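S.K.: Using only what follows, build the 3D model:
(one chain, ligands or ions: 1)
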Amino acid sequence: MPFRVFVTRPIPAEAIDRLIRAGCEVEVGPADRALSREELRRAVRDRDAVVCQLADRMDADILRAGRPRCRVFANCAAGFENFDLDAARSLGLWITNSPDALTETTADLAWALTLAAARRLGEGEREVRACRWSGWTFEGFLGQDVHGKTLGIIGFGRIGRGVARRAAGFAMRVIYVNRSEVAPDRRHGASPVPLDELLAVSDFISIHAPLTPQTRHLIDAAALRRMKPTVVLVNTARGAIIDEAALVEALRTGVIAAAGLDVYEHEPRLSPGLAELENVVLLPHIGSATLATRIGIAVGAVENVLAVLAGQRPPNPVVEPAPG
Ligand code: GLV
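M.R.: The predicted structure is shown next:
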């Protein structure tokens with residue numbers, strides 16, 4: 001009997017083809033909308049594997065509906081905060097993520113936001129597009145230099161290190177904080193510092209840490225006050241690492257100069273006042289949004305599925321069934 005795989009939402013054909021070539025029977029959720037809880041509960045029933053996305057809330061109820069047949073839920077994302085991991089553990093499921101393909105693409109976007117916020121690209125673009133621009137002036141749209149400045153990176157994993165590598169092209173001094181020690185050959189010229197020092201001396205701060213109880217609201221009102229008033233804060237990681245209401249206040253009152261955000265505390269909702277500010281660049285969570293990378297993420301998720309179905313350890317386990 002072929003393995004039955006449910007894919008909650010459309011993903012690139014390359015990934016679906018991989019499943020089909022491996023002999024799986026594949027059903028994909030509807031293109032134009034997310035499934036209701038009841039539809040999702042029904043859809044995961046009697047499948048061997050489920051391929052899902054960050055926007056699919058995989059709580060205990062849905063995970064349980066997949067058992068006893070389902071062995072693996074494979075997320076098409078680096079993050080996995082959409083899962084109830086304790087429930088997955090007690091149900092003996094594999095949960096996998098797909099972090100490898102998106103490192104460089106997300107590091108590129110962090111740089112796009114850094115440059116856009118420093119040089120006021122959003123504001124300038126709005127002005128030109130609205131036909132309000134009255135021509136070149138000597139003091140119009142003065143932004144901040146990026147080259148030669150100090151970049152502080154919070155979270156020096158794969159993406160943080162990718163951002164650091166790019167900083168060399170801008171002749172920047174790079175400092176970082178990371179929860180564990182980083183081997184010298186992976187530092188790319190960056191130096192570890194305590195968080196307070198990073199907040200106080202950085203001209204640019206880029207966040208690349210996972211959201212955990214320790215990092216939730218790591219950047220609160222007090223942390224924002226410790227930063228230089230000229231600082232540009234960039235977040236392509238998870239919105240709730242920043243206290244968004246405190247950030248709105250800091251941007252409004254000049255406690256910090258500017259921000260570039262791809263992620264939000266209550267996504268897709270924005271905190272009151274954020275969208276009215278000129279000194280923030282706002283993107284719709286597109287860190288990994290290139291076709292090549294999204295294909296890579298989806299194929300990575302499917303490789304996890306195929307490994308589990310073949311009785312092997314998947315390449316990217318987040319939760320694994322207890323032995324025996
Ligand atoms: C996107 O934010 C991801 O975790 O893949």
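
S.K.: Looking at Thr215 now. What's its pLDDT?
M.R.: With respect to pLDDT, Thr215 scores 97.

S.K.: Contacts only, for the residue of the stretch 101-250 of the chain found nearest the ligand.
M.R.: Distance from the ligand to each residue of the stretch 101-250 of the chain (C-beta to the nearest ligand atom) is smallest for Leu102, at 5.7 Å. To be clear about C-beta, it is placed using only N, CA and C from the backbone, and glycine gets the same treatment. By C-beta atoms under 8 Å, 6 or more residues apart in numbering, the contact list for Leu102 reads Ala78, Ile159, Gly287, Ser288, Thr293, Gly296, Ile297.

S.K.: Buried residues, the one helix or strand the second one maps to. List them.
M.R.: Under the criterion of DSSP states H and E, Ile159 resides in helix 158-167. Taking 16 or more other C-beta atoms under 10 Å as the neighbour-count basis, helix 158-167 is seen to contain the buried residues Arg158, Ile159, Gly160, Arg161, Gly162, Val163, Ala164, Arg166, Ala167.

S.K.: now the fifth one: how far from Thr105?
M.R.: Summarising the geometry, the distance separating Gly162 from Thr105, computed by C-beta to C-beta, to the nearest Å, is 9 Å.

S.K.: Next: the second one.
M.R.: Distance, Ile159 to Thr105, by C-beta to C-beta: 9 Å.

S.K.: and if you look at the first one?
M.R.: Taking C-beta to C-beta as the criterion, Arg158 is separated from Thr105 by 11 Å.

S.K.: what sits in contact with each of the two?
M.R.: Contact criterion C-beta under 8 Å, 6+ apart; residues shared by Arg158 and Thr105: none found.

S.K.: The stretch 1-150 of the chain against the ligand: which residues are in contact?
M.R.: Leu54, Ala77, Ala78, Gly79, Leu102 (C-beta under 6 Å from any ligand atom).

S.K.: Relative to Leu224, which of the residues you listed is nearest.
M.R.: For those, the closest approach to Leu224 (C-beta to C-beta) belongs to Gly79, at 24.3 Å.

S.K.: Surely the closest one touches Ile95?
M.R.: No - using C-beta atoms under 8 Å, Gly79 is not in contact with Ile95, being 11.8 Å away.

S.K.: who has more neighbours, the two?
M.R.: Taking other C-beta atoms under 10 Å, Gly79 and Ile95 do not tie; Ile95 has more neighbours (27 against 16).

S.K.: which other residues reach stretch 309-319?
M.R.: So stretch 309-319 is contacted by 3, 22, 24, 48-49, 71-72, 74-75, 80, 83, 85, 88-89, 93-100, 300, 303-305, 307-308, 320 (C-beta under 8 Å, 6+ apart).

S.K.: Just the ones of the residues you listed in strands?
M.R.: Judged by DSSP state E, strands contain the following of the contacts of stretch 309-319: Ala49, Val72, Ala74, Asn75, Trp94, Ile95, Thr96.

S.K.: For the last one, the count of nearby residues, please.
M.R.: Just to be clear, that refers to Thr96. With other C-beta under 10 Å as criterion, Thr96 counts 27.

S.K.: If we ignore the residues flanking it in sequence, what's nearest it?
M.R.: Asn304 (3.7 Å; C-beta to C-beta, 6 or more residues apart in numbering).
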